[in-house]
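J.: dropping a prediction and its sequence here:
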Amino acid sequence: MLSRVAPWLASRNENGLGVRVLGNADTLALRALASEDLVANVFILAHLDSTGTAAPTSGGASVFGVFDDGTLLGACWAGANLVPVQLDPGLAGYIATAAHQTGRRYASIFGPADTVLALYSRFEQLGHLAHEVRSRQPLLTISDGPVIGANPDLTFGTMKDFDRILPACAAMFEEEVGYSPFLGGQEFYSRRVAGLIRQGHSMVHVDASGTVVFKAELGAVTQDVTQVQGVWMNPALRGRGQSAGYMAAVVNLSRTFAPVTSLYVNDYNAKARATYERVGFEQVGTFATVLF
(Lines give C-alpha, C1' and ligand atoms only; values in the text may rest on other atoms or scores of the structure.)
Protein backbone atom coordinates (compact mmCIF):
# COMPACT_ATOMS: atom_id res chain seq x y z
CA MET A 1 0.00 0.00 0.00
CA LEU A 2 2.74 2.44 0.95
CA SER A 3 4.62 2.02 -2.32
CA ARG A 4 1.58 2.63 -4.52
CA VAL A 5 0.96 6.28 -3.61
CA ALA A 6 2.87 9.53 -4.03
CA PRO A 7 5.74 10.18 -1.58
CA TRP A 8 3.85 12.87 0.37
CA LEU A 9 0.93 10.50 0.80
CA ALA A 10 3.02 7.82 2.42
CA SER A 11 6.19 8.06 4.46
CA ARG A 12 7.92 6.04 7.12
CA ASN A 13 10.26 7.45 9.72
CA GLU A 14 13.22 5.92 11.50
CA ASN A 15 10.96 4.70 14.31
CA GLY A 16 8.93 2.58 11.90
CA LEU A 17 5.87 4.84 12.02
CA GLY A 18 4.05 5.25 8.71
CA VAL A 19 1.95 8.20 7.60
CA ARG A 20 -0.51 7.89 4.72
CA VAL A 21 -3.91 8.96 3.47
CA LEU A 22 -6.67 6.65 4.64
CA GLY A 23 -8.81 4.70 2.20
CA ASN A 24 -12.09 2.86 2.34
CA ALA A 25 -10.41 -0.18 3.92
CA ASP A 26 -9.48 1.99 6.92
CA THR A 27 -13.04 3.08 7.68
CA LEU A 28 -13.69 0.69 10.56
CA ALA A 29 -10.33 1.46 12.16
CA LEU A 30 -10.95 5.21 11.92
CA ARG A 31 -14.43 4.88 13.41
CA ALA A 32 -13.08 2.76 16.28
CA LEU A 33 -10.36 5.32 16.95
CA ALA A 34 -12.77 8.28 16.87
CA SER A 35 -15.26 6.47 19.08
CA GLU A 36 -12.76 6.62 21.94
CA ASP A 37 -14.05 10.18 22.52
CA LEU A 38 -17.52 10.75 21.07
CA VAL A 39 -17.56 14.43 22.03
CA ALA A 40 -14.13 15.58 20.88
CA ASN A 41 -14.41 13.60 17.64
CA VAL A 42 -18.00 14.40 16.69
CA PHE A 43 -16.80 16.18 13.52
CA ILE A 44 -15.15 13.12 11.97
CA LEU A 45 -17.83 10.74 13.27
CA ALA A 46 -20.51 12.86 11.60
CA HIS A 47 -18.50 12.73 8.38
CA LEU A 48 -18.28 8.94 8.57
CA ASP A 49 -22.02 8.72 9.23
CA SER A 50 -22.67 10.89 6.18
CA THR A 51 -20.27 9.29 3.69
CA GLY A 52 -19.73 5.81 5.10
CA THR A 53 -16.04 5.88 4.23
CA ALA A 54 -12.64 7.18 5.31
CA ALA A 55 -11.60 7.56 1.67
CA PRO A 56 -10.83 11.00 0.19
CA THR A 57 -13.83 13.06 -0.84
CA SER A 58 -14.64 14.25 -4.35
CA GLY A 59 -13.78 17.76 -3.17
CA GLY A 60 -10.22 16.77 -2.29
CA ALA A 61 -10.48 16.40 1.49
CA SER A 62 -8.79 13.39 3.05
CA VAL A 63 -7.75 11.87 6.36
CA PHE A 64 -4.11 11.29 7.24
CA GLY A 65 -3.32 8.37 9.53
CA VAL A 66 -0.24 7.50 11.58
CA PHE A 67 0.40 3.75 11.67
CA ASP A 68 2.66 1.48 13.65
CA ASP A 69 2.92 -1.96 12.06
CA GLY A 70 -0.57 -1.70 10.62
CA THR A 71 -2.20 -0.25 13.73
CA LEU A 72 -3.83 3.18 13.37
CA LEU A 73 -2.44 5.29 16.21
CA GLY A 74 -3.96 8.66 15.34
CA ALA A 75 -5.49 10.55 12.45
CA CYS A 76 -6.26 14.01 11.15
CA TRP A 77 -8.93 15.32 8.79
CA ALA A 78 -7.37 17.51 6.10
CA GLY A 79 -9.92 19.54 4.18
CA ALA A 80 -10.52 23.25 4.41
CA ASN A 81 -9.41 22.78 8.03
CA LEU A 82 -7.20 20.34 9.91
CA VAL A 83 -9.03 18.39 12.62
CA PRO A 84 -7.00 15.88 14.66
CA VAL A 85 -8.57 12.60 15.75
CA GLN A 86 -7.11 10.94 18.87
CA LEU A 87 -3.72 12.17 17.76
CA ASP A 88 -1.04 12.21 20.43
CA PRO A 89 0.80 15.55 20.45
CA GLY A 90 4.05 13.62 20.01
CA LEU A 91 2.82 12.37 16.62
CA ALA A 92 1.50 15.73 15.43
CA GLY A 93 4.71 16.68 13.64
CA TYR A 94 4.41 13.73 11.25
CA ILE A 95 0.88 14.76 10.27
CA ALA A 96 1.83 18.43 9.93
CA THR A 97 4.70 17.55 7.62
CA ALA A 98 2.49 15.36 5.43
CA ALA A 99 -0.21 18.05 5.29
CA HIS A 100 2.39 20.69 4.39
CA GLN A 101 3.76 18.58 1.55
CA THR A 102 0.38 18.52 -0.19
CA GLY A 103 0.78 22.21 -0.95
CA ARG A 104 -2.76 22.82 0.24
CA ARG A 105 -3.72 25.90 2.26
CA TYR A 106 -5.75 25.36 5.41
CA ALA A 107 -8.06 27.92 6.97
CA SER A 108 -7.65 26.62 10.51
CA ILE A 109 -6.71 23.83 12.88
CA PHE A 110 -9.17 22.98 15.64
CA GLY A 111 -9.58 20.25 18.20
CA PRO A 112 -7.99 19.16 21.50
CA ALA A 113 -5.66 21.93 22.59
CA ASP A 114 -2.41 20.05 23.17
CA THR A 115 -2.53 18.39 19.77
CA VAL A 116 -3.64 21.52 17.89
CA LEU A 117 -0.79 23.51 19.39
CA ALA A 118 1.69 20.75 18.57
CA LEU A 119 0.46 20.70 14.96
CA TYR A 120 0.86 24.45 14.74
CA SER A 121 4.34 24.33 16.23
CA ARG A 122 5.46 22.19 13.30
CA PHE A 123 3.47 24.26 10.79
CA GLU A 124 5.16 27.38 12.08
CA GLN A 125 8.57 25.77 11.51
CA LEU A 126 7.46 25.04 7.95
CA GLY A 127 6.60 28.69 7.35
CA HIS A 128 2.83 28.72 7.99
CA LEU A 129 2.16 31.68 10.29
CA ALA A 130 -1.16 32.04 12.08
CA HIS A 131 -3.42 35.05 11.91
CA GLU A 132 -4.58 34.18 15.44
CA VAL A 133 -4.07 31.42 17.99
CA ARG A 134 -6.86 30.73 20.46
CA SER A 135 -5.06 28.39 22.79
CA ARG A 136 -7.76 27.77 25.41
CA GLN A 137 -11.35 27.07 24.43
CA PRO A 138 -13.32 25.15 27.06
CA LEU A 139 -15.17 22.18 25.56
CA LEU A 140 -18.58 22.02 27.20
CA THR A 141 -21.40 19.48 27.24
CA ILE A 142 -24.85 19.05 28.70
CA SER A 143 -26.38 15.58 28.79
CA ASP A 144 -29.68 16.41 30.43
CA GLY A 145 -32.27 19.05 29.71
CA PRO A 146 -31.42 22.68 30.48
CA VAL A 147 -31.75 23.77 34.10
CA ILE A 148 -33.56 26.98 33.16
CA GLY A 149 -36.61 27.68 31.04
CA ALA A 150 -36.26 27.71 27.27
CA ASN A 151 -37.41 30.49 24.98
CA PRO A 152 -40.27 29.00 22.92
CA ASP A 153 -39.64 31.39 20.02
CA LEU A 154 -36.58 29.47 18.84
CA THR A 155 -37.45 26.99 16.09
CA PHE A 156 -35.71 25.11 13.31
CA GLY A 157 -35.00 27.38 10.37
CA THR A 158 -36.65 26.85 6.99
CA MET A 159 -35.66 27.91 3.50
CA LYS A 160 -38.33 30.61 3.48
CA ASP A 161 -36.13 32.47 5.97
CA PHE A 162 -32.87 31.83 4.08
CA ASP A 163 -32.49 35.47 2.97
CA ARG A 164 -32.69 36.54 6.62
CA ILE A 165 -30.58 33.75 8.08
CA LEU A 166 -27.68 34.13 5.63
CA PRO A 167 -26.81 37.75 6.59
CA ALA A 168 -27.02 36.83 10.28
CA CYS A 169 -24.63 33.91 9.72
CA ALA A 170 -22.25 36.14 7.78
CA ALA A 171 -22.36 38.77 10.53
CA MET A 172 -21.56 36.14 13.15
CA PHE A 173 -18.68 34.77 11.05
CA GLU A 174 -17.13 38.21 10.54
CA GLU A 175 -17.54 39.08 14.21
CA GLU A 176 -15.86 35.81 15.20
CA VAL A 177 -12.91 35.62 12.81
CA GLY A 178 -12.48 39.20 11.63
CA TYR A 179 -13.23 38.91 7.92
CA SER A 180 -16.26 38.28 5.72
CA PRO A 181 -17.10 34.73 4.58
CA PHE A 182 -17.93 36.30 1.21
CA LEU A 183 -14.37 37.45 0.45
CA GLY A 184 -13.87 34.70 -2.14
CA GLY A 185 -17.43 34.94 -3.42
CA GLN A 186 -20.83 34.33 -1.90
CA GLU A 187 -21.68 30.98 -3.47
CA PHE A 188 -19.74 28.56 -1.23
CA TYR A 189 -20.83 30.06 2.08
CA SER A 190 -24.41 30.44 0.87
CA ARG A 191 -24.52 26.75 -0.07
CA ARG A 192 -23.13 25.85 3.34
CA VAL A 193 -25.85 27.81 5.16
CA ALA A 194 -28.59 26.48 2.88
CA GLY A 195 -27.36 22.95 3.52
CA LEU A 196 -27.59 23.40 7.28
CA ILE A 197 -31.15 24.68 6.93
CA ARG A 198 -32.20 21.78 4.70
CA GLN A 199 -30.66 19.27 7.12
CA GLY A 200 -32.68 20.75 9.98
CA HIS A 201 -29.50 21.94 11.67
CA SER A 202 -30.36 25.65 11.71
CA MET A 203 -32.15 27.17 14.71
CA VAL A 204 -33.47 30.70 14.57
CA HIS A 205 -35.93 33.23 15.97
CA VAL A 206 -37.18 35.61 13.29
CA ASP A 207 -39.53 38.15 14.83
CA ALA A 208 -42.70 39.59 13.29
CA SER A 209 -40.75 42.37 11.60
CA GLY A 210 -38.49 39.85 9.85
CA THR A 211 -35.48 40.55 12.07
CA VAL A 212 -33.25 37.67 13.17
CA VAL A 213 -33.15 37.95 16.95
CA PHE A 214 -31.03 34.87 17.71
CA LYS A 215 -29.60 31.99 15.73
CA ALA A 216 -27.34 28.97 16.10
CA GLU A 217 -26.49 25.89 14.05
CA LEU A 218 -25.49 22.31 14.61
CA GLY A 219 -22.14 21.98 12.90
CA ALA A 220 -21.83 18.24 13.54
CA VAL A 221 -24.48 15.68 14.41
CA THR A 222 -24.27 12.00 15.33
CA GLN A 223 -26.71 9.76 17.16
CA ASP A 224 -24.70 10.37 20.34
CA VAL A 225 -23.58 14.01 20.24
CA THR A 226 -24.33 17.31 18.55
CA GLN A 227 -21.91 20.21 18.36
CA VAL A 228 -23.40 23.70 18.42
CA GLN A 229 -21.75 26.45 16.39
CA GLY A 230 -22.53 29.95 15.18
CA VAL A 231 -24.29 31.19 18.33
CA TRP A 232 -25.35 34.78 17.63
CA MET A 233 -27.60 37.31 19.30
CA ASN A 234 -28.60 40.37 17.31
CA PRO A 235 -26.28 43.15 18.57
CA ALA A 236 -29.21 45.54 18.96
CA LEU A 237 -30.79 43.16 21.46
CA ARG A 238 -27.78 42.20 23.55
CA GLY A 239 -27.48 42.98 27.25
CA ARG A 240 -31.09 42.10 28.04
CA GLY A 241 -30.47 38.71 29.61
CA GLN A 242 -32.16 36.77 26.81
CA SER A 243 -29.27 34.59 25.65
CA ALA A 244 -29.63 31.92 28.33
CA GLY A 245 -33.26 31.23 27.43
CA TYR A 246 -32.34 30.90 23.77
CA MET A 247 -29.44 28.55 24.61
CA ALA A 248 -31.79 26.44 26.71
CA ALA A 249 -33.98 26.18 23.62
CA VAL A 250 -30.92 25.21 21.55
CA VAL A 251 -30.32 22.32 23.95
CA ASN A 252 -33.93 21.15 23.72
CA LEU A 253 -33.92 21.24 19.92
CA SER A 254 -30.50 19.56 19.76
CA ARG A 255 -31.73 16.74 21.97
CA THR A 256 -34.14 15.72 19.20
CA PHE A 257 -31.00 14.46 17.41
CA ALA A 258 -28.78 13.18 20.23
CA PRO A 259 -28.69 13.05 24.03
CA VAL A 260 -25.50 15.10 24.45
CA THR A 261 -25.14 18.70 23.30
CA SER A 262 -21.62 20.11 23.04
CA LEU A 263 -19.86 23.31 22.09
CA TYR A 264 -16.54 25.06 22.63
CA VAL A 265 -16.09 28.70 23.57
CA ASN A 266 -13.21 31.17 23.78
CA ASP A 267 -11.92 31.29 27.34
CA TYR A 268 -11.89 35.10 27.31
CA ASN A 269 -15.61 35.29 26.46
CA ALA A 270 -16.75 35.55 30.06
CA LYS A 271 -20.33 36.50 29.23
CA ALA A 272 -20.86 33.51 26.96
CA ARG A 273 -19.25 31.13 29.46
CA ALA A 274 -21.53 32.45 32.21
CA THR A 275 -24.55 31.95 29.96
CA TYR A 276 -23.63 28.37 29.15
CA GLU A 277 -22.98 27.59 32.81
CA ARG A 278 -26.39 29.04 33.70
CA VAL A 279 -28.04 26.71 31.18
CA GLY A 280 -26.27 23.69 32.66
CA PHE A 281 -23.21 23.11 30.46
CA GLU A 282 -20.10 21.68 32.13
CA GLN A 283 -16.51 21.62 30.92
CA VAL A 284 -15.21 18.21 29.77
CA GLY A 285 -12.04 19.24 27.97
CA THR A 286 -10.13 22.07 26.28
CA PHE A 287 -9.96 22.82 22.58
CA ALA A 288 -7.76 25.26 20.69
CA THR A 289 -8.13 26.91 17.30
CA VAL A 290 -5.42 28.25 15.03
CA LEU A 291 -6.65 30.64 12.33
CA PHE A 292 -4.51 31.18 9.21
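T.: Structure received. Numbers count the residues shown, from 1 in each chain.
J.: what does stretch 202-210 contact?
T.: Contact with stretch 202-210 is made by 151, 153-157, 161, 164-165, 168, 193, 196, 212-218, 246, 249-250, 253, as judged by Cβ atoms under 8 Å, 6 or more residues apart in numbering. (Each C-beta comes from the backbone N, C-alpha and C, glycine too.)
J.: go again using 7 Å as the cut-off
T.: 153-154, 156-157, 161, 164-165, 196, 212-217, 250, 253 (Cβ atoms under 7 Å, 6 or more residues apart in numbering).
J.: same question for stretch 89-97.
T.: Outside stretch 89-97, the residues that touch it by Cβ under 7 Å, 6+ apart are 13, 17, 19, 64, 66, 73-74, 76, 87, 114-115, 118-119, 122-123.
J.: whichever of these end up buried, select them in PyMOL.
T.: Applied in PyMOL, the following selects the buried portion of the contacts of stretch 89-97 according to 16 or more other Cβ atoms under 10 Å:
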select buried, resi 17+19+64+66+73+74+76+87+114+115+118+119+122+123
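J.: go through the contacts of stretch 89-97 and flag which are in strands.
T.: Of the contacts of stretch 89-97, the ones assigned to strands by DSSP state E are 17, 19, 64, 66, 73-74, 76.
J.: coming back round to it: I'd like to know which of the contacts of stretch 202-210 are buried.
T.: With burial judged by 16+ other Cβ under 10 Å, the buried subset of those is 154, 157, 161, 165, 196, 212-217, 250, 253.
J.: same list, those residues, but as JSON lines with pLDDT please.
T.: What follows is the buried ones among the contacts of stretch 202-210, written out as JSON lines (pLDDT from 0 to 100):
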{"residue": "Leu154", "pLDDT": "98"}
{"residue": "Gly157", "pLDDT": "97"}
{"residue": "Asp161", "pLDDT": "96"}
{"residue": "Ile165", "pLDDT": "98"}
{"residue": "Leu196", "pLDDT": "97"}
{"residue": "Val212", "pLDDT": "98"}
{"residue": "Val213", "pLDDT": "98"}
{"residue": "Phe214", "pLDDT": "98"}
{"residue": "Lys215", "pLDDT": "98"}
{"residue": "Ala216", "pLDDT": "98"}
{"residue": "Glu217", "pLDDT": "98"}
{"residue": "Val250", "pLDDT": "98"}
{"residue": "Leu253", "pLDDT": "98"}
